[in-house]
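Trainee: Build me a model:
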Amino acid sequence: MHLVTGLLLTALLGRGKQGPRLPSFPGVLETAHVLPGRLRLRVPGVVARPEAAGELRRQLVRLEAVEAVEVSTVTGSVLLRFRPDRVQPELLLAAVIRLLGLEARVDAAPQSRLGHEIRELGESLNRAVHEQSGGLLDLWTALPLLLVVLGVRNLISRNGQLGWPLLWWAYLALFLPGQNRR
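Mentor: Numbering: from 1, shown residues only. You can find the predicted model right below:
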């Protein structure tokens with residue numbers, strides 16, 4: 001979802017009795033709290049980066065509705081004090097994302113830790129197959145070739161019920177356009 005569209009939907013649908021609810025993007029930018037006239041964010045991107053923190057502070061203070069900006073390069077905390085009658089916290093959140101250049105990271109699909117570890121395992125196996133075969137094969141070609149061998153073997157042994165699906169999966173893995181080829 002596009003960043004601006006998401007923030008506008010948040011502005012329209014996310015208001016409850018406790019006030020506005022802003023999205024958080026774990027590891028990129030998280031909303032710590034939102035109160036009328038006060039917004040605290042956790043931004044790991046400003047930790048140990050005084051130049052980024054200073055530029056963020058300078059740009060946000062220029063906004064007419066922003067009264068004060070405090071940025072901690074130790075904790076990554078960004079505190080914005082603003083006039084709620086002049087600006088919505090959603091727009092301030094979008095401004096921080098834009099000023100720090102976090103759009104791509106915010107728009108990226110979230111990745112679970114388990115999914116990340118499984119992909120890392122696959123990459124490790126891929127390297128191992130590549131090294132063991134002297135660069136002739138990698139995991140992403142070895143597995144479809146194994147399916148071809150098993151499929152042909154099942155067809156020869158007159159077990160076409162299992163052979164054809166194996167050949168079909170091999171075809172999809174090897175020749176389907178749009179596959180992630182390395």
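
Trainee: now the strands: where do they sit in this protein?
Mentor: 30-35, 38-42, 66-71, 77-82 (DSSP state E).

Trainee: Would you format these as CSV with distance to Ala170 and mean neighbour count included?
Mentor: In this view, the C-beta of every residue, glycine as well, is placed from N, C-alpha and C. Formatted as CSV, these follow (distance: least, CB to CB, whole Å; neighbours: other CB atoms under 10 Å):
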stretch, distance to Ala170, mean neighbour count
strand 30-35, 44, 16
strand 38-42, 47, 20
strand 66-71, 55, 17
strand 77-82, 52, 20
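
Trainee: Of these, which is nearest Arg153?
Mentor: Across these, Arg153 has its closest neighbour in strand 30-35 (53.6 Å, CB to CB).

Trainee: Okay, now the sheet partners of the closest one, with direction.
Mentor: Strand pairing for strand 30-35, using DSSP bridges, gives strand 38-42 (antiparallel).

Trainee: possible to save the strands of the chain as CSV with mean pLDDT and distance to Leu155?
Mentor: Output for the strands of the chain, formatted as CSV (pLDDT from 0 to 100; distance: least, CB to CB, whole Å):
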stretch, mean pLDDT, distance to Leu155
strand 30-35, 95, 55
strand 38-42, 97, 59
strand 66-71, 97, 67
strand 77-82, 97, 63
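
Trainee: Output the longest helix belonging to the protein.
Mentor: The helix that spans the most residues within the chain, counting by DSSP state H, is helix 113-132.

Trainee: outside of it, which residues touch it?
Mentor: With contact meaning CB atoms under 8 Å, 6 or more residues apart in numbering, helix 113-132 is reached by Leu137, Asp138, Leu139, Trp140, Ala142, Arg182.

Trainee: and of those residues, the nearest to Ala68?
Mentor: Closest to Ala68, out of all of those and judged by CB to CB, is Arg182, at 49.5 Å.

Trainee: buried residues in stretch 124-136?
Mentor: When neighbours are counted by 16 or more other CB atoms under 10 Å, the buried residues of stretch 124-136 are found to be Asn126, Val129, His130.

Trainee: One more: stretch 162-170?
Mentor: Here stretch 162-170 shows Gly163, Leu166, Leu167, Trp169, Ala170 as buried, counting by 16+ other CB under 10 Å.

Trainee: Turn the residues you listed into a markdown table, including distance to Val152.
Mentor: Below are the buried residues of stretch 162-170 laid out as a markdown table (distance: CB to CB, whole Å):
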| residue | distance to Val152 |
| --- | --- |
| Gly163 | 7 |
| Leu166 | 9 |
| Leu167 | 7 |
| Trp169 | 13 |
| Ala170 | 10 |
